[in-house]
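Trainee: Based on what follows, work out the 3D shape:
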Amino acid sequence: MSLNLEELFAENCDEFLEFERIENPKHRRPDICAFIMLDELLPGDRDMVSSASHDEIFLDVDCNDLAEIATEEQIRDLIRCGIRYSNECGCLCMFV
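Mentor: Sure, this is the predicted structure:
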């Protein structure tokens, strides 16, 4: 069963940027930790950042594929790293 990313990001908004709550992070820097987590979930061979606008970067992650394989805990940890879900674009993004 697929996760509903839009709902999970909304339900876990109080976890946003609470990096210290992650047990055994993949890296000590939140943005790099998120990139490593995403690449482990959905390995790729292109740049993680697909575009940028103002103070925001958009990530090259297929949200449908992510929803199929990620756990709620993994999504929560991504939120703790500063990852956001853009309802407008239907993609993952983060502030720089």
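
Trainee: which residues in the protein form helices?
Mentor: Ranges of helices in the chain, per DSSP state H, are 5-11, 30-41, 63-69, 72-80.

Trainee: and the second one, C-alpha only, in CSV?
Mentor: Once side chains and other backbone atoms are set aside, the C-alpha atoms of helix 30-41 remain, and they are given as CSV (Å, rounded to 0.1, in the frame of the first residue of the first chain):
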residue,chain,number,x,y,z
PRO,A,30,20.9,17.4,7.6
ASP,A,31,20.8,18.1,3.8
ILE,A,32,23.4,15.5,3.0
CYS,A,33,21.7,13.0,5.3
ALA,A,34,18.4,13.6,3.4
PHE,A,35,20.2,13.1,0.0
ILE,A,36,21.8,9.9,1.2
MET,A,37,18.5,8.6,2.5
LEU,A,38,16.7,9.4,-0.7
ASP,A,39,19.5,7.8,-2.8
GLU,A,40,19.3,4.7,-0.8
LEU,A,41,15.6,4.5,-1.2
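
Trainee: tell me which strands and helices that helix is in contact with?
Mentor: On a contact count with 3 or more C-beta pairs under 8 Å, 6 or more residues apart in numbering; DSSP states H and E, helix 30-41 meets helix 63-69, helix 72-80, strand 91-95. For the C-beta atoms, the positions are set from N, CA and C on the backbone; glycine is no exception.

Trainee: Reformat these as JSON lines; add distance to Asp47, mean neighbour count and mean pLDDT.
Mentor: Rendered in JSON lines, the data for those read as follows (distance: least, C-beta to C-beta, whole Å; neighbours: other C-beta atoms under 10 Å; pLDDT from 0 to 100):
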{"stretch": "helix 63-69", "distance to Asp47": "17", "mean neighbour count": "15", "mean pLDDT": "95"}
{"stretch": "helix 72-80", "distance to Asp47": "18", "mean neighbour count": "20", "mean pLDDT": "98"}
{"stretch": "strand 91-95", "distance to Asp47": "14", "mean neighbour count": "19", "mean pLDDT": "96"}
